[in-house]
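Enquirer: When you get a sec, could you give me coordinates for this:
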Amino acid sequence: MKKGVVYIAFGDRYVKEVLFSAATLKAVSDVHVTLFTDSEISSSNIDSIIKIDPVHKRPKVDHLPRTPYDLTLYLDSDTKIERDVADMFSLLDRFDLAAAHDHCRKSSRWSSVIPEYDAIPYCFPEYNSGVMLFRKSAKLDHFFRLWQDNFYRYRETTNGQDQASFRIALWESELQVHTLPFEYNVRNLYFRKKMAARSKMPADEGLLKPRILHWHGLNRNKLFDSFNSKYRAMPY
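Expert: Presented below is the predicted three-dimensional model:
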C-alpha cells in the first residue's frame with residue numbers, strides 16, 4: 001500500500017491507548033491504520049493487524065522495518081490527534097524521514113556510558129521516535145539496521161531505552177531528515193518539568209538553554225527594553 005499509519009503495542013494498557021489514539025486519528029484523517037500487536041483486536045478504527053511476539057519493551061525497533069506501507073507515519077500509543085495529518089505524507093516527496101526534536105537534546109546520562117552518543121555534538125539533538133514519518137528505501141533499511149545494532153549493543157546500558165540508539169543511527173545514516181515543528185509532537189507538562197529539573201544538575205547545566213538570541217535592541221539598555229514588549233525576550 002502507498003501510505004498509512006502504524007502503531008506498535010502490546011499489553012492491555014498500551015493497546016487501550018492505541019484504540020483511543022486511532023479513534024482520534026480516524027475522526028480527522030482518512031488514512032489506513034495498521035496495528036502490530038500480540039492481542040486479538042477488533043476495532044473499526046484499525047484496518048489491519050500484524051501479530052508480533054515482543055521480546056522487550058521497545059518492539060518498534062524490531063518491527064518498524066516491516067511496515068506494509070511505502071510511506072509510513074508511526075505513532076506511539078500515547079498520542080491524540082487533534083487535526084488532519086494527511087498533508088504530513090507530502091514531506092516524504094523530499095525527505096527520507098521526519099521527526100521532532102526531543103527535549104532531552106544530549107543527555108549526560110548516555111554521554112557518560114555510550115562513546116558514539118557522546119561524540120555527536122549537542123547541536124544535533126535527540127529526535128523523538130514517538131511520532132515519525134519515513135519512506136521505504138535502501139537508505140532507510142540501512143538506518144534501521146544501525147538503530148537495531150546500537151539498540152541491542154547498549155540495551156542493558158540504557159535499560160531498554162531506544163532514544164540514544166536512535167540519535168546515533170540518524171547521525172551515522174545518510175538519510176535526509178526533516179525536523180517537524182513542535183506542534184506535531186507536543187509533550188506533556190510533566191516531561192518538560194522533568195527536563196527542566198535535570199538542567200539544574202552540573203552535567204546538564206546547558207540543557208535547553210538558549211545558544212543564540214535574535215531580536216533588535218540586544219545592544220541597548222536592558223532595563224529600558226524590559227518595559228518594551230516589542231523587545232522582550234520569549235520565556236524559556
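Enquirer: where along this structure do the helices fall?
Expert: Counting by DSSP state H, residue ranges of the helices within the chain are 12-28, 60-63, 108-111, 115-118, 138-153, 163-172, 189-198, 222-226.
Enquirer: Which of those helices has the lowest mean pLDDT?
Expert: Comparing mean pLDDT across these, the lowest value falls on helix 222-226: a mean of 57.
Enquirer: returning to that earlier point: between the helices of the chain, which gets nearest to Ser43?
Expert: helix 12-28 (5.6 Å; Cβ to Cβ). No exception for glycine: its C-beta is placed from N, CA and C like everyone else's.
Enquirer: Was I right to think Phe134 contacts Asp141?
Expert: No - with the criterion set as Cβ atoms under 8 Å, Phe134 and Asp141 do not qualify as a contacting pair; they are 10.7 Å apart.
Enquirer: Which residue of those two possesses the greater neighbour count?
Expert: Looking at Phe134 and Asp141 with other Cβ atoms under 10 Å, you find the greater number of neighbours at Phe134, namely 25 against 11.
Enquirer: which residues does the more buried one bridge with?
Expert: Thr72, Leu97 (DSSP bridges).
Enquirer: residue ranges with poor pLDDT in this protein?
Expert: Flagging of the chain using pLDDT under 70 yields the residue ranges 188-201, 203, 208, 210-214, 216, 218-219, 221-236.
Enquirer: what residue lies at the spatial centre of it?
Expert: Ranked by distance to the mean C-alpha position of the chain (Cα atoms, centre = their mean), the top residue is Asn128 at 2.2 Å.
Enquirer: Pull the residues that contact stretch 56-65.
Expert: Contacts of stretch 56-65 with the rest of the structure, by Cβ atoms under 8 Å, 6 or more residues apart in numbering, involve 6, 8, 10, 36, 50, 52, 55, 72, 74, 129, 134, 141, 144, 147-148, 151, 155, 160-162, 165.
Enquirer: try it again with 6 Å
Expert: Outside of stretch 56-65, the residues within contact range by Cβ atoms under 6 Å, 6 or more residues apart in numbering are Ile8, Phe36, Ile52, Phe144, Gln148, Phe151, Gly160, Asp162.
Enquirer: out of these, who's nearest Glu116?
Expert: Distance to Glu116 across the contacts of stretch 56-65 (Cβ to Cβ) is lowest for Phe151, with 12.1 Å.
Enquirer: Ignoring the adjacent residues along the chain, who's closest to the residue nearest to the centre of the chain?
Expert: The shortest distance from Asn128 to any non-neighbouring residue, by Cβ to Cβ, 6 or more residues apart in numbering, is to Asp102 (4.1 Å).
Enquirer: May I have stretch 12-26 exported as PDB, CA atoms only?
Expert: Backbone C-alpha positions of stretch 12-26 (Å, rounded to 0.1, in the frame of the first residue of the first chain) are rendered in PDB as follows:
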ATOM      1  CA  ASP A  12      -3.800  -4.200  27.800                       C
ATOM      2  CA  ARG A  13      -2.800  -0.700  28.900                       C
ATOM      3  CA  TYR A  14      -1.000   0.200  25.700                       C
ATOM      4  CA  VAL A  15      -3.500  -1.400  23.400                       C
ATOM      5  CA  LYS A  16      -6.200   0.700  25.000                       C
ATOM      6  CA  GLU A  17      -4.100   3.800  24.400                       C
ATOM      7  CA  VAL A  18      -3.800   2.800  20.700                       C
ATOM      8  CA  LEU A  19      -7.500   2.300  20.300                       C
ATOM      9  CA  PHE A  20      -8.100   5.800  21.700                       C
ATOM     10  CA  SER A  21      -5.400   7.300  19.500                       C
ATOM     11  CA  ALA A  22      -6.700   5.600  16.400                       C
ATOM     12  CA  ALA A  23     -10.200   6.800  17.100                       C
ATOM     13  CA  THR A  24      -9.000  10.400  17.300                       C
ATOM     14  CA  LEU A  25      -6.900   9.900  14.100                       C
ATOM     15  CA  LYS A  26      -9.900   8.500  12.100                       C
END
